[in-house]
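Chemist: only geometry, no sequence info:
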């Protein structure tokens, strides 16, 4: 029997990432399906285990590359939308008071 769901679809359902119509259609199909229940239980167990892990520090070079890339995106967006001013540091809106 082919199931109406994949593990990916169940993960998206559990994460609240599906549109409401899809989620509403899927919930009754998986509610009484033991295999779906096993997958959902495994996903929840994994999520809980990951939540217990300590946060890992972001290496400085990665942090700097991300900051640089975000700054470049802000500057590009500002160049494409001159009606939206960017602050002096290139990361946010300009001070509307001019300061």
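Modeler: Perfect, thanks for sending it. Because the structure is predicted, anything quoted here is derived from the model rather than measured.
Chemist: buried ones in the top helix by length along the chain, by neighbour count?
Modeler: Longest helix in the chain by number of residues (criterion: DSSP state H): helix 60-80. By neighbour count with 16 or more other CB atoms under 10 Å, helix 60-80 contains the buried residues 74, 78. Backbone N, C-alpha and C define where each C-beta goes, glycine included.
Chemist: what mean pLDDT does it have?
Modeler: Helix 60-80 carries an average pLDDT of 93.
Chemist: also stretch 34-54?
Modeler: 96.
Chemist: okay, the residue positioned nearest the centre of the chain and residue 53: tell me how far apart.
Modeler: Nearest to the mean C-alpha position of the chain, by CA atoms, centre = their mean, lies residue 17 at 9.1 Å. Distance of residue 17 to residue 53, computed by CB to CB, to the nearest Å: 22 Å.
Chemist: re the thing from before, how about the residue nearest to the centre of the chain, secondary structure?
Modeler: Of the three states, residue 17 takes coil under DSSP: H, G, I helix; E, B strand; the rest coil.
Chemist: quick thing: my sequence starts at 867, can you match it?
Modeler: Taking 867 as the first residue, the last one we looked at is residue 883.
Chemist: what's the neighbour count on residue 895?
Modeler: 12 (other CB atoms under 10 Å).
Chemist: ok, now which ones touch it?
Modeler: Residues in contact with residue 895 (CB atoms under 8 Å, 6 or more residues apart in numbering) are 870-871, 902.
Chemist: that one: what secondary structure?
Modeler: Here residue 895 is recorded as helix under three-state DSSP.
Chemist: per-residue pLDDT, it?
Modeler: 90.
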